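**Q** okay, sequence plus prediction incoming.
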Amino acid sequence: MKKLKLSIIVTLSIAGAAFSAFTPATPTFPPTGWYAQHDNTLPYETNQPVSLTDVNANCPVSTPNICAVEFDMNGAVKTIRKSLNNYP
Amino acid sequence: MKRIKQSFLLSIVCVLFAIISVGVLVIVSNNSNDSSNGFTRKFLLQQSLLLHHIGKPPHARFMCGSANNYIYFDTDTAGLILKTDTALGGIGLVKLVYPFNERIQSLYSTIVDSMYTYIMAGNMPKVIRFNKVESSYQSWFIPANLYSESIVIDSNNFAFRMFEKIAGKWQQVFIKVNPVNKTIAREHDVSQRNNDAGFSTDGHLLYDPGTHFIIYVEYYSNHITCMDTSLQLLYNGHTIDTIKNATVHAAFKKSPAFETITNGTPLAPVNLQSCTAEGKLYIHSHIKADNETFAVFENNAVVDVYNISTGQYLYSFYIPSRQDGHLTDFKVIRNKIIVVYKNAIAIYRLPE
């Protein structure tokens, strides 16, 4: 009985390790709604929250890349955010 | 005794499970600099020689120009510029008199030449030109949309990477504007269109006064675009690494009040800072070559040099990383490299 228990634990551990190895450490967002999927039928919308924290996390200190672009309700570009700039 | 033994055994299994999981994740993780990247660099024998070094003023950002034996650095406040001599002998402050506002502050770059200082305000969108001699300024609204990148071709001609809606989708394209003559030129089929508002092709727009070529170096792939001042494509080049396609994707969020696009995947930069000087393009690369050791690559900033006229790779050299933190900007002026670190500014002799 003990041996059975032990073998179950070991089997589950190995299965768990194998599963975790092929699963990203952080959950990925669903593929629908992502921009730049090279799929012109996309509605370009996701329910995944995009907060200022996310935006700032996307800004490495060493490259002045675009972090975010905000659009107004008419669809016009309202603000471009880049790293290495002060955001009021 | 049996229970203790059982608990001990269970703990051992849990520890083993954790070690195996982490080990497998490390092995399968995609770190391009841990493995062979399929290219090698030609290094110069001569190394960058440190000539001058000072602590960085806390608000300095980029080197924004040089003129009359002075070097200028912009700061995190629009209109405040730091000035020093070519031996870094003390820092002076230049204040541009203009009603700067939060909109300008939210996205601007500063360019200083011998005659003028320019504030390129991407979120206005506006160009403000300050005349150093007459202590006056002229400002122009740039028609169309906001711009993310800008260069000064000459005192009346500017080029931008500007947002534009094409077939209902936001893209970014190259535009040239002369606000004095009120003329606008637009590129045709030069920019890649990935329907992601230009996020995956984000990069650095440069101008080389020697060749009169406009260069665009992408951050997330090895793609380089070279245009003349009429925005005609001269060639599509590439850096020496093998990262042909950007892995960066953007995400879109719609809320009742506004909509936002931001990077939705971890950034995987290929090219970091870049500059031009006397017909050569200098790019700080983020990709290790196969003939570099990890330790040397980590402790130096590797700069690849290209011939702007042909796009051909010439050679590479290192700018040492210092205890002053990582490199945030560099420019080449004649035979010197001006380097901005996180906590210091240094001048090196350019290796030849």
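**A** Yep, that arrived. The shown structure was predicted, so the numbers you read here are calculated from the model rather than taken from an experiment. Residues are numbered from 1 along each chain as shown, chains lettered A, B, ... in the order given.

**Q** quick check: which ranges of chain B have low pLDDT?
**A** Counting by pLDDT under 70, the ranges of chain B that qualify are B:1, B:26-35, B:255-256, B:322.

**Q** pull out the buried positions in stretch B:126-139.
**A** For stretch B:126-139, the neighbour count (16 or more other CB atoms under 10 Å in any protein chain shown) marks B:126, B:127, B:128, B:129, B:130, B:137, B:139 as buried. Bear in mind the C-beta positions are built from the backbone N, C-alpha and C, glycine included.

**Q** please read the previous query as pertaining to stretch B:321-331.
**A** B:321, B:322, B:324, B:327, B:328, B:329, B:330, B:331.

**Q** isn't the fifth one up against residue B:338?
**A** This points to residue B:328. No - with contact defined as CB atoms under 8 Å, residue B:328 does not count as touching residue B:338 (11.9 Å).

**Q** from residue B:279, how far out is the closest residue in space to residue B:277 that isn't next to it in sequence?
**A** Of all residues not flanking residue B:277 in the chain, residue B:332 sits nearest, at 3.9 Å (CB to CB, 6 or more residues apart in numbering or on different chains). Distance of residue B:332 to residue B:279, computed by CB to CB, to the nearest Å: 11 Å.

**Q** now swap in residue B:327 and tell me
**A** Residue B:327 sits 23 Å away from residue B:279, going by CB to CB.

**Q** same question, residue B:46
**A** Taking CB to CB, one finds residue B:46 at 20 Å from residue B:279.

**Q** against which helices or strands is the helix or strand harbouring the residue nearest to residue B:277 packed?
**A** Per DSSP states H and E: residue B:332 is located in strand B:327-333. Here strand B:327-333 touches strand B:60-67, strand B:271-277, strand B:280-285, strand B:300-307, strand B:336-341, going by 3 or more CB pairs under 8 Å, 6 or more residues apart in numbering or on different chains; DSSP states H and E.

**Q** nearest to residue B:180, of these?
**A** strand B:60-67 (21.1 Å; CB to CB).

**Q** can you tell me which helices and strands the one helix or strand residue B:6 maps to packs against?
**A** Element membership for residue B:6, per DSSP H and E: helix B:2-28. Judged by 3+ CB pairs under 8 Å, 6+ apart, the packing partners of helix B:2-28 are helix A:2-21.

**Q** out of residue B:46 and residue B:279, which sits in the more crowded spot?
**A** residue B:279 (15 against 11; other CB atoms under 10 Å in any protein chain shown).

**Q** got a list of what the more buried one touches?
**A** Applying CB atoms under 8 Å, 6 or more residues apart in numbering or on different chains to residue B:279 gives the contacts B:208, B:210, B:211, B:307, B:308, B:309.

**Q** can you do 10 Å?
**A** Residues in contact with residue B:279 (CB atoms under 10 Å, 6 or more residues apart in numbering or on different chains) are B:208, B:209, B:210, B:211, B:213, B:306, B:307, B:308, B:309, B:310.

**Q** in the sheet, who's paired with residue B:280?
**A** Beta-bridge pairing for residue B:280 (DSSP bridges): residue B:277, residue B:307.

**Q** repeat for residue B:130
**A** Under the criterion used (DSSP bridges), residue B:130 bridges to residue B:117, residue B:137.

**Q** all helices for the stretch 101-250 of chain B, in order.
**A** B:102-106 (DSSP state H, counting those that start in this stretch).

**Q** could you check how far the residue of it found nearest chain A is from residue B:220?
**A** Distances between the stretch 101-250 of chain B and chain A by CB to the nearest CB are smallest at residue B:196, namely 3.4 Å. Shown here: residue B:196 relative to residue B:220, a distance of 11 Å by CB to CB.

**Q** the two: which has the busier surroundings?
**A** Shown here are residue B:196 and residue B:220; by other CB under 10 Å, residue B:196 has more neighbours (29 against 25).

**Q** what angle separates the helix holding residue B:6 from helix A:2-21?
**A** Orientation check (axes from the mean of the first three to the mean of the last three CA atoms, to 10 degrees): helix B:2-28 against helix A:2-21 gives 20 degrees.

**Q** secondary structure class for the closest residue to residue B:36 other than its chain neighbours?
**A** Excluding its sequence neighbours, the residue lying closest to residue B:36 (CB to CB, 6+ apart) is residue B:290, at 5.3 Å. Under DSSP: H, G, I helix; E, B strand; the rest coil, residue B:290 falls in the coil class.

**Q** which residue is the nearest non-sequential neighbour of the spatially most central residue of chain B?
**A** The geometric centre of chain B, computed from its C-alpha atoms, lies nearest to residue B:273 (CA atoms, centre = their mean), at 3.8 Å. Counting by CB to CB, 6+ apart, residue B:284 is the residue found nearest to residue B:273 once chain neighbours are left out, at 4.6 Å.

**Q** residues near that neighbour, how many?
**A** As a burial measure, residue B:284 scores 21 neighbours (other CB under 10 Å).
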